[in-house]
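K.L.:
predicted structure and sequence below. I'll ask about it afterward.
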Amino acid sequence: MLVQFFQRTHDSLLLLGKSKEAEIKRINKELANIRSKFKGDKALDGYSKKKYVCKLLFIFLLGHDIDFGHMEAVNLLSSNRYTEKQIGYLFISVLVNSNSELIRLINNAIKNDLASRNPTFMGLALHCIASVGSREMAEAFAGEIPKVLVAGDTMDSVKQSAALCLLRLYRTSPDLVPMGDWTSRVVHLLNDQHLGVVTAATSLITTLAQKNPEEFKTSVSLAVSRLSRIVTSASTDLQDYTYYFVPAPWLSVKLLRLLQCYPPPEDPAVRGRLTECLETILNKAQEPPKSKKVQHSNAKNAVLFEAISLIIHHDSEPNLLVRACNQLGQFLQHRETNLRYLALESMCTLASSEFSHEAVKTHIETVINALKTERDVSVRQRAVDLLYAMCDRSNAPQIVAEMLSYLETADYSIREEIVLKVAILAEKYAVDYTWYVDTILNLIRIAGDYVSEEVWYRVIQIVINRDDVQGYAAKTVFEALQAPACHENLVKVGGYILGEFGNLIAGDPRSSPLIQFNLLHSKFHLCSVPTRALLLSTYIKFVNLFPEVKPTIQDVLRSDSQLRNADVELQQRAVEYLRLSTVASTDILATVLEEMPPFPERESSILAKLKKKKGPSTVTDLEDTKRERSVDVNGGPEPAPASTSAMSTPSPSADLLGLGAAPPAPAGPPPSSGGGGLLVDVFSDSASVVAPLAPGSEDNFARFVCKNNGVLFENQLLQIGLKSEFRQNLGRMFIFYGNKTSTQFLNFTPTLICSDDLQPNLNLQTKPVDPTVEGGAQVQQVVNIECVSDFTEAPVLNIQFRYGGTFQNVSVQLPITLNKFFQPTEMASQDFFQRWKQLSNPQQEVQNIFKAKHPMDTEVTKAKIIGFGSALLEEVDPNPANFVGAGIIHTKTTQIGCLLRLEPNLQAQMYRLTLRTSKEAVSQRLCELLSAQF
């Protein structure tokens, strides 16, 4: 019947020539018939009601408004027939507004279907909730759906629907989805036998883990295990989920994305298994394709690129990073445009890793060729991004030259971005500042319309602050201005530089004062008002520098075109400058118009402008995280510029990478030249004083007791990250010092301090670091550790440096604790309690009963005990709620066995921790450290 109606409607529209009037007439006739049926005295049976509701739905999909039939659709929800219930839910999903008065009735019907345990009806109800996704439905069902999801008797198809429905509600109303006991149970769905359930659960867990990473940390090992089974399986093993000879590509991609929510696994076994998975994926990419169809290559490459994204995210395996780079390099010349684009985009991120930066640089010629020959503008833009990311001091001249060459023919949409990148690179890697001046002037010549004020402000700052380049800059800009057509930005730069340093080239007859003035004034009438104002300031500077041209300049200032100019700014400048040149003595004139002093150390806004244009988390941010390890050491907000002496000369390369600087005003008053910087040098003895521990450092120290990687300390200037590994009585710690500002850290000196009691028990060997840390950069220090004997104190890390002329002194505790030298020991129940009884002397046992400071979660507790270093012994304690561990503390002089037992009391929210070792001091220290974790 419904098929006949649809066909008749379609045929009648064709016969009527598809005119809008004929369609409306036909539809109105049908609507009138349906309305009469609904209002008739005779009650409609379920089939008829379904038929008419379905017709209304079809009419709505044709683009016509439907204002009745909603109640009939709601009544269909109470039917026990699948087809009737299906049409009712479909109508509600499409036509019912979230603010409808019928929502309460709909919610009641949905609750009944969810409680029915009929998988078909439950699936329809869940689909409806997900389709509507309103806040009202989230309030009604956000607490019920997790129960359906983790219930043991729920069908696989319903689990899939429940996971995706919960994901939809969390995305629309995250505050209404409660975190609870179900979160630890939903993680185990990653082990489900049904891959559809695993796929849906992975999507849900990935989204939840992005905001609640600690809640779902246990998913890492399960995700690695599942991924390992997929990538090592043959295409015939997962027949229902194999797509063109690629086993479960969608699930593989989702699992790889889930793993990108976390740092590399700390468990060596899990980490090794994940590395094997990634190596297998890279190996399969080198194999000949099993099918020539594009679907096969798309699925295979989707998994490959996601694996490469995970390798880049972890940034801890040099071999994998280099292999990923080489694999991407093969795609740079692929005939498929999308693959070339993705390869360039991924290599931009790879260029930020110290492990793969050199490997990326080997593809520079291919990238430059893509820039010149690529037809697709988006691919060319990614090529520009990659050149910017791979640039360093060794290849900066080549890359800047190629970007300037491309700029002449670049698409207008990306020219401003290229200009900003060229300006940043030219300054950051300028060894010879004559090259920098040439580059910026060339930049203005090629793309002057896209050179923002920030760029030409910056070149003026650098020229003023560097005596060695001032004469060259004046000569170069004078020659550039002789071109018949000059961009206005070049006139601005020329006016400013010649006004300050024109005297350095005035001895040459070809650039005499009068020639300089005539050259500038020939551009005057072609410029905008702001540029003319700047040139008038240059003219009055010439009066001070070159008295011989004073009459000529006064005539210009006295002309009607200046004194009676319609623009008040130009008129005021002309009047005031003319009066100043007339009445002021030579000494006063020289004082008022003296050469600008060096600009104070200030932060540039060029990179900020580039970030604003591209947005955060793009390739333009790579300079801030260049050559990082897996520890993120450069995040966080930029600090305000530190106050400095105006006489200090900044490092231009560091200055450029700053944010939020105010541009210099060309004719502004000179800054004060106080001697604050000198006073700091006079009292430099203060550097020998070790600062007290920084606020909050003790809390950070406690967090490292059960982990080895992370951020130890962070303030507005500095971030300290750690990555460490221990084996028996030896350890190695990588300390990453990140400069979060755009300004250099000078005299950067980190020092490890051990107390008199600690020195004989702990040997620390370090290598010195570079005393200068560039803005936005990071330096690494390696600490080799040897545990000679047991100890209780921790060493102190003291960092001293100068930032903007101000002495900085920071001290933090370095998390080298006794438990780091644990080696886990597996023991059977009988062996454990036999050893437990042997350590029964009062001096060998330490016990602590304490209140829980964190939620008492079983999985978290297990993870902390394993992270503490001991082995977690399963099925050893008669009480399954208790946790039992065993291990050996390794020192150079002895080995100390350790047994621990943690007894939680959920009702009282209390713990009892008992430690037994052969040495009382060790028991006491381990008990203190572990108790603080719960």
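P.N.:
It's in. Residues are numbered from 1 along each chain as shown.
K.L.:
in the protein, where is pLDDT below threshold?
P.N.:
1-18, 41-42, 98-99, 235-237, 600-689, 805 (pLDDT under 70).
K.L.:
tell me the domain ranges of it?
P.N.:
The chain breaks down into these domains under the TED database: 439-592, 697-816, 819-932.
K.L.:
on the three-state scheme, the residue nearest to Arg117 when sequence neighbours are not counted is what?
P.N.:
Spatial nearest neighbour of Arg117, chain neighbours left out: Asp153 (7.6 Å); criterion: C-beta to C-beta, 6 or more residues apart in numbering. Glycine gets a C-beta too; all of them are placed from N, C-alpha and C. At Asp153 the chain is in coil, as set by DSSP: H, G, I helix; E, B strand; the rest coil.
K.L.:
just give the number of residues close to Asp153.
P.N.:
6 (other C-beta atoms under 10 Å).
K.L.:
do you know how far it is from Asn841?
P.N.:
Plainly put, Asp153 is 52 Å away from Asn841 if you go by C-beta to C-beta, to the nearest Å.
K.L.:
kindly report the same for Val705.
P.N.:
Between Val705 and Asn841 the computed distance is 27 Å (C-beta to C-beta).
K.L.:
name the residue in those two with the higher neighbour count.
P.N.:
Val705 (20 against 10).
K.L.:
which residues are in contact with the more buried one?
P.N.:
By C-beta atoms under 8 Å, 6 or more residues apart in numbering, the residues touching Val705 are 815, 817, 819, 868, 929-930, 932-933.
K.L.:
and those residues, which two are furthest apart?
P.N.:
Pro815 and Leu930 (14.2 Å; C-beta to C-beta).
K.L.:
my reading is that Gln719 lies in a strand. Confirm?
P.N.:
Yes. When classified by three-state DSSP, Gln719 is found to be part of a strand.
K.L.:
beta partners for it?
P.N.:
Glu714, Gly738 (DSSP bridges).
K.L.:
run a quick check on it versus Gly710, I expect a contact.
P.N.:
No. Counting by C-beta atoms under 8 Å, Gln719 stays clear of Gly710, with 11.0 Å between them.
K.L.:
ok, back up a step: looking at the contacts of Val705, which are in helices?
P.N.:
868, 929-930 (DSSP state H).
K.L.:
just put those in CSV and tack on neighbour count and distance to Gln286.
P.N.:
Formatted as CSV, the ones in helices among the contacts of Val705 follow (neighbours: other C-beta atoms under 10 Å; distance: C-beta to C-beta, whole Å):
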residue, neighbour count, distance to Gln286
Phe868, 23, 42
Leu929, 18, 47
Leu930, 24, 47
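K.L.:
can you list those residues in a markdown table and add distance to Ile896?
P.N.:
Formatted as a markdown table, the ones in helices among the contacts of Val705 follow (distance: C-beta to C-beta, whole Å):
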| residue | distance to Ile896 |
| --- | --- |
| Phe868 | 15 |
| Leu929 | 14 |
| Leu930 | 15 |
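K.L.:
list just the nearest of the residues you listed to Glu408.
P.N.:
Checking these one by one against Glu408 (C-beta to C-beta), the nearest turns out to be Phe868, at 62.3 Å.
K.L.:
of the contacts of Val705, which is the nearest to Ile129?
P.N.:
Gln933 (39.7 Å).
K.L.:
find the nearest non-adjacent residue to the closest one, please.
P.N.:
Nearest to Gln933 is Lys864, by C-beta to C-beta, 6+ apart, at 5.0 Å.
K.L.:
how are the helices of the stretch 251-400 of the chain distributed by residue range?
P.N.:
Taking DSSP state H, counting those that start in this stretch, the helices of the stretch 251-400 of the chain run over residues 268-286, 294-314, 318-331, 337-350, 357-361, 364-373, 377-390, 396-407.
K.L.:
report the angle between the second one and helix 337-350.
P.N.:
Angle between the axes of helix 294-314 and helix 337-350 is 10 degrees (criterion: axes from the mean of the first three to the mean of the last three C-alpha atoms, to 10 degrees).
K.L.:
state the number of residues packed around Arg802.
P.N.:
Close neighbours of Arg802, defined as other C-beta under 10 Å, add up to 21.
K.L.:
that one and Asn761, how far apart?
P.N.:
For Arg802, the distance to Asn761 equals 34 Å [C-beta to C-beta].
K.L.:
and the strands in the stretch 101-250 of the chain?
P.N.:
Applying DSSP state E, counting those that start in this stretch to the stretch 101-250 of the chain gives strands spanning 242-243, 246-247.
K.L.:
what of the stretch 651-800 of the chain?
P.N.:
Using DSSP E, counting those that start in this stretch, the strands of the stretch 651-800 of the chain run over 709-714, 718-727, 730-739, 745-753, 762-766, 778-787, 796-803.
K.L.:
and the angle from the fourth one to strand 730-739?
P.N.:
Put simply, strand 745-753 runs at 150 degrees to strand 730-739, going by the same axes, to 10 degrees.
K.L.:
what helix or strand does Asn809 sit in?
P.N.:
Per DSSP states H and E: Asn809 is located in strand 806-813.
K.L.:
packing partners of that strand?
P.N.:
For strand 806-813, the packing partners by 3 or more C-beta pairs under 8 Å, 6 or more residues apart in numbering; DSSP states H and E come out as helix 697-703, strand 709-714, strand 718-727, strand 796-803.
K.L.:
what's the neighbour count on Tyr243?
P.N.:
By other C-beta under 10 Å, neighbour count at Tyr243 equals 17.
K.L.:
residue contacts, it?
P.N.:
Contacts for Tyr243 (C-beta under 8 Å, 6+ apart) come out as 249-250, 295, 299.
K.L.:
if we can go back for a sec, which one of the contacts of Val705 is nearest Cys277?
P.N.:
Nearest member of the contacts of Val705 to Cys277, counting by C-beta to C-beta, is Phe868, at 27.6 Å.
K.L.:
and that closest one, what does it touch?
P.N.:
Phe868 touches 705-706, 819, 822, 885, 929-930, 933, counting by C-beta under 8 Å, 6+ apart.
K.L.:
between Gln719 and Gly710, tell me which one has more neighbours.
P.N.:
Between Gln719 and Gly710, counting by other C-beta under 10 Å, Gln719 is the more crowded of the two (22 against 16).
K.L.:
so who does the residue lying closest to Ala343 once chain neighbours are set aside touch?
P.N.:
In space, Ala343 comes closest to Phe331 once its chain neighbours are excluded; the distance is 3.7 Å by C-beta to C-beta, 6+ apart. With contact set as C-beta under 8 Å, 6+ apart, Phe331 has these partners: 339-340, 342-343.
K.L.:
try 7 Å this time
P.N.:
339-340, 343 (C-beta atoms under 7 Å, 6 or more residues apart in numbering).
K.L.:
can you list the residues you listed in CSV and add distance to Gly448 and neighbour count?
P.N.:
Listed next are these as CSV, based on distance: C-beta to C-beta, whole Å; neighbours: other C-beta atoms under 10 Å:
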residue, distance to Gly448, neighbour count
Leu339, 37, 19
Arg340, 32, 21
Ala343, 34, 29
